[in-house]
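Novice: 3D model of this:
(one chain, ligands or ions: 1)
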Amino acid sequence: MGFFNGVPVSIKGTGMYVPEKVLTNQDLTAMVDTSDEWIRDRTGIRRRHIAAEGELTSSIAEKASREALRNSGISPEDLDMVIVATNSPDTLFPGVAPKLQGMLEAKKAGAFDVQSGCTSGVYSMAIATGGIASGVWKNVLVVGAEVLSRIIDWTDRNTCVLFGDGAGAMVLGPAADGEGHFISANMRSDGTKHDQITLLGGLVEYPASGETLEKKLHYVAMKGNDVFKFVNRVIPPFLKEYCLESGFQPEDISWWFFHQANQRIIDKTAERLGINPEKVVINIHEYGNTSAASVFLALCEFMREGKLQKGEKLLFTAFGAGMTYGGIIYEA
Ligand code: COA
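Specialist: As a prediction, the model looks like this:
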C-alpha cells in the first residue's frame, strides 16, 4: 500500500457501453440445468448483456472510450497512454490497447493491455495514476473491456450463469484547481491459488491440440466454491487494513465500488466492514460479472446519476484470477 505523491491525478470523464443483446436467467434455463431462482439467490444476477456476432472487445472498448473522452473534454491527440484492462482480448497480440489507440487516432499515445484477472481494472487505474503523478504521462485513457461470452463454456452451469460482456472507460489527467484526486492504492496477489480460475488452453503450457479442444481447455474454468471461501476470508480484513492505513475508518468511505462478482460476497464484505449498504454501488443484477470492466461500469452509471458530491471518498476494489486483489481510493 502506498500514497500517490507528486502531481494530483483526477478522473476527467467516464463512459461505458454494453451490448444490446440481453440474456436473462430464464433464457439460461433452456441451455443448462439451472433456474432463475438459483441464480438470483446464489449470485444476485438477473440478466447479462452479450456481444453480437462480430462485436469485439476492441469495438465495445472504442464506444466506451469515445464517451469518456467526450465527457472529459480531452481529445485523442492529447492522450499520452491508452491502457486496456481485459481478460478477453480480441487476440493475444496485438493487444486491444494498440488497436484502440489506432481506432481513436491517438497519435502521440503508447498503448498496452493489463491482464491479471478481474483485478486488472483496479491495477490499471493505479498504473495510470502512478504514471501521471510521476510526470511521465499527462492524459491517460483507462478502459476495462470484456467479451467473456466467447470464452465461456455455455454447457457449464458453474460458469456460464455468472459472466457478461461490457466496457467502461475513464480519462485521467492532472487535477485542475478544485478537482478530485486519487489518494492511495494497494495491490496484492496470492499466486499459490493460481489454479482457482483458469483458461489453460492454446498457449505455452497447453498448446492448442485436439486434446485441449476435447478437454475444453479453451474455456474459463473455475473452482467457484474455493474462490468464494478465499474471497470471504481475505477481502474483508484486507479492505479494513487498507482503509486504516490510508487514514480512514471504513465508514469514512462515501461510496464503495466492489467488483460485481456475487451479491452475497458484496453483502458479507459490507456487513463485516460495518458499511451502510446504501453506500455500496450495485449493478450485478443487470450485467453479471463483467470482470475487468465491472468497477468502470459501476462508476460510469453512478456518474450519470449525478450523485457525486465534492470531497466524497470512493473506494474501488476487485479480486480475480491469480488470485489477485486490490483497492484504490479517490477523493472527489
Ligand atoms: N444452477 C443450479 N445449480 C447449480 C448451479 C447452477 N448454475 N451451479 C452449481 N449448482 C449446484 C452445484 O452443483 C451444487 O449442487 P450439489 O449440492 O448437488 O453438489 C449446489 O448448486 C451448490 O454448489 P456450490 O458451488 O456449493 O454453490 P455456491 O453457493 O458456492 O455458489 C457460486 C456457487 C459459483 C455462485 C459461488 O461459489 C461463487 O460466486 N463463487 C465465487 C465466484 C467468483 O466470484 N468468481 C469470479 C471471480 S472474479
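Novice: all helices of the stretch 51-200 of the chain, in order?
Specialist: Using DSSP state H, counting those that start in this stretch, the helices of the stretch 51-200 of the chain run over 57-72, 96-104, 120-133, 157-160.
Novice: Which one of those lies nearest to residue 6?
Specialist: With CB to CB as the measure, helix 120-133 is the member of these nearest residue 6 (4.2 Å). (Glycine included, C-beta is placed from N, CA and C.)
Novice: now whatever residue of the stretch 101-250 of the chain ends up closest to the ligand, nearest residue through space, not along the chain?
Specialist: In the stretch 101-250 of the chain, no residue comes nearer to the ligand than residue 224, which is 2.9 Å away by CB to the nearest ligand atom. Spatial nearest neighbour of residue 224, excluding adjacent residues (CB to CB, 6 or more residues apart in numbering): residue 158 at 5.6 Å.
Novice: any idea how far residue 217 is from the one you found?
Specialist: Counting by CB to CB, to the nearest Å, the gap from residue 158 to residue 217 is 15 Å.
Novice: got it, and residue 248?
Specialist: For residue 248 relative to residue 217 (CB to CB), the value is 43 Å.
Novice: which one of the two has more residues nearby?
Specialist: residue 217 (19 against 16; other CB atoms under 10 Å).
Novice: from what I can see that one touches residue 206, true?
Specialist: Yes. Using CB atoms under 8 Å, residue 217 is in contact with residue 206, at 5.4 Å.
Novice: tell me, what's touching these two both at once?
Specialist: residue 200 (CB atoms under 8 Å, 6 or more residues apart in numbering).
Novice: now the residue nearest to residue 49 when sequence neighbours are not counted: how far from residue 126?
Specialist: Nearest non-adjacent residue to residue 49, counting by CB to CB, 6+ apart: residue 18, 4.2 Å away. According to CB to CB, residue 18 stands 25 Å off from residue 126.
Novice: Next: residue 310.
Specialist: Relative to residue 126, and taking CB to CB, residue 310 is found at 23 Å.
Novice: cool, and residue 57?
Specialist: From residue 57 to residue 126 the distance is 21 Å (CB to CB).
Novice: same thing with residue 53?
Specialist: 35 Å.
Novice: of these two, who's got more company?
Specialist: residue 126 (24 against 5).
Novice: Grab the nearest non-local neighbour of the more buried one.
Specialist: residue 185 (3.9 Å).
Novice: show me what contacts the one you found?
Specialist: 1, 2, 4, 122, 125, 126, 129, 130, 326, 327, 328, 329.
Novice: Across the sheet, point out what pairs with it.
Specialist: Per DSSP bridges, the residues bridged to residue 185 are residue 2, residue 328.
Novice: Let the chain start at 813 from now.
Specialist: Taking 813 as the first residue, the last one we looked at is residue 997.
Novice: Could you report the pLDDT at it?
Specialist: Residue 997 carries a pLDDT value of 98.
Novice: What of residue 1119?
Specialist: The predicted local confidence for residue 1119 is 89.
Novice: which secondary structure element contains it?
Specialist: Here residue 1119 sits in a region with no helix or strand, counting by DSSP states H and E.
Novice: burial measure for it, as a count.
Specialist: 12.
Novice: Tell me the spacing between it and residue 1066.
Specialist: Taking CB to CB, one finds residue 1119 at 10 Å from residue 1066.
Novice: cool, residue 1083 as well?
Specialist: 18 Å.
Novice: between the two, who's got more neighbours?
Specialist: residue 1066 (16 against 11).
Novice: check contacts around the more buried one.
Specialist: 1091, 1121, 1124, 1125, 1126, 1144.
Novice: Now intersect the residues you listed with the strands, please.
Specialist: 1125, 1126 (DSSP state E).
Novice: From the ligand, how far out is the spatially most central residue of the chain?
Specialist: The chain has residue 1104 as the residue nearest its centroid, 2.7 Å off, counting by CA atoms, centre = their mean. Distance of residue 1104 to the ligand, computed by CB to the nearest ligand atom, to the nearest Å: 9 Å.
Novice: Contacts only, for that residue.
Specialist: Residue 1104 neighbours (CB under 8 Å, 6+ apart): 897-899, 926, 929-933, 936, 956-958, 1130, 1132.
Novice: what's the answer for residue 1046, then?
Specialist: Taking CB under 8 Å, 6+ apart, we find residue 1046 in contact with 1002, 1131, 1137.
Novice: how about 10 Å then?
Specialist: Residues counted as contacts of residue 1046 (CB atoms under 10 Å, 6 or more residues apart in numbering) are 1000, 1002, 1005, 1131, 1135, 1137.
Novice: Check the secondary structure at it for me.
Specialist: On the three-state scheme (DSSP: H, G, I helix; E, B strand; the rest coil), residue 1046 is labelled helix.
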